[in-house]
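# With the input below, show me the fold.
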Amino acid sequence: MAHVRLLVSTVLFTLPLVGQASMALQFNFGANGVNEPTWNNVPAGLGYVGNPDTISNLVDTSDNPTSYSLTVTSIANGPNFSGTTSSTLFPAFATEFNIFGNTPEAGNGIANVTPVYELKGLETDVAYDFLFYASRAGVSDNRETTYRLTGTTVEAVDLNPSNNIDTFVTIENVFPDEFGTFQIEVLPGPNNDNSFTFTYLGVLQVTQVPEPETYGLIAGAVIGLAVAVRRRRSAKA
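Okay, the predicted model is just below:
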């Protein structure tokens, strides 16, 4: 069970979260054949002819299987192996690899590639935070990528992967649709000036936001503990 560490004066308390515990998933896109504990590897060939189109029983960041799944509804062009290995935020196996899309034909003879994924089976009454990251080293142009997320609302954020090391973008406090699904599209950003409008996705992290009453109960526990500490100190004075 997740824990929150509470510091009251010089006394350290550890309490379990009350109510809805936070759940997190992390995805590594494009690293074919790489399987790391606590990570969900999404190969670039997911959805190609002869390959599965869904990854079921996604693992959380404690490496526990879940009932959630990821389905590709529009394939990526392929993997790219030219991301940074110098990130201080994510492991090299996650930052070096990406899936990529493109508008005109580029590589593999495939034109107008827009990777699209669906994250399914989520709780419909719980909010989620999304973090997106990609890196394409050794380039001089702008390959800005838009990550468009559709649940009960449509949200979008932009990231330029060109020579990126530690920059990421987030969409926070969003709800899945009535079926517990988010759609994730990887699109060219408005500032993308690459001739093929290459787009990239390397790392995705999805975190369940604890229910509001969780914070209220924890705050109440903090106050109660603080009062108890003060009373004990007064009794010894």
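# tell me which element residue 146 falls in.
Per DSSP states H and E, residue 146 falls inside strand 145-150.
# Residue 70 too?
strand 69-74.
# In the chain, what helix or strand scores lowest on average pLDDT?
The helix or strand of the chain with the poorest confidence is strand 11-16; it has a mean of 32 (mean pLDDT, DSSP states H and E).
# and residue 94, backbone torsions?
phi -90, psi -30 (degrees, to the nearest 10).
# hey, what's the nearest residue to it once chain neighbours are set aside bridged with?
Excluding the flanking residues, the one nearest residue 94 by CB to CB, 6 or more residues apart in numbering is residue 28, at 4.5 Å. Where you see a C-beta, it was placed from the backbone N, CA and C, and this is true even at glycine. Here residue 28 shows beta-bridge partners residue 41, residue 203, assigned using DSSP bridges.
# now the helices for this protein?
92-95, 212-236 (DSSP state H).
# which stretch in the ones you listed has the least confidence?
Among the helices of the chain, helix 212-236 carries the lowest mean pLDDT, a mean of 43.
# Adjacent strands (with direction) for the strand holding residue 70?
Strand 69-74 is paired, per DSSP bridges, with strand 54-55 (antiparallel), strand 116-120 (antiparallel).
# Now tabulate these in a markdown table and tack on mean pLDDT, distance to residue 156 and mean neighbour count.
Below are the strands paired with strand 69-74 laid out as a markdown table (pLDDT from 0 to 100; distance: least, CB to CB, whole Å; neighbours: other CB atoms under 10 Å):
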| stretch | mean pLDDT | distance to residue 156 | mean neighbour count |
| --- | --- | --- | --- |
| strand 54-55 | 98 | 24 | 16 |
| strand 116-120 | 98 | 14 | 21 |
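# so can I have JSON lines of the ones you listed showing distance to residue 89?
Listed next are the strands paired with strand 69-74 as JSON lines, based on distance: least, CB to CB, whole Å:
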{"stretch": "strand 54-55", "distance to residue 89": "23"}
{"stretch": "strand 116-120", "distance to residue 89": "21"}
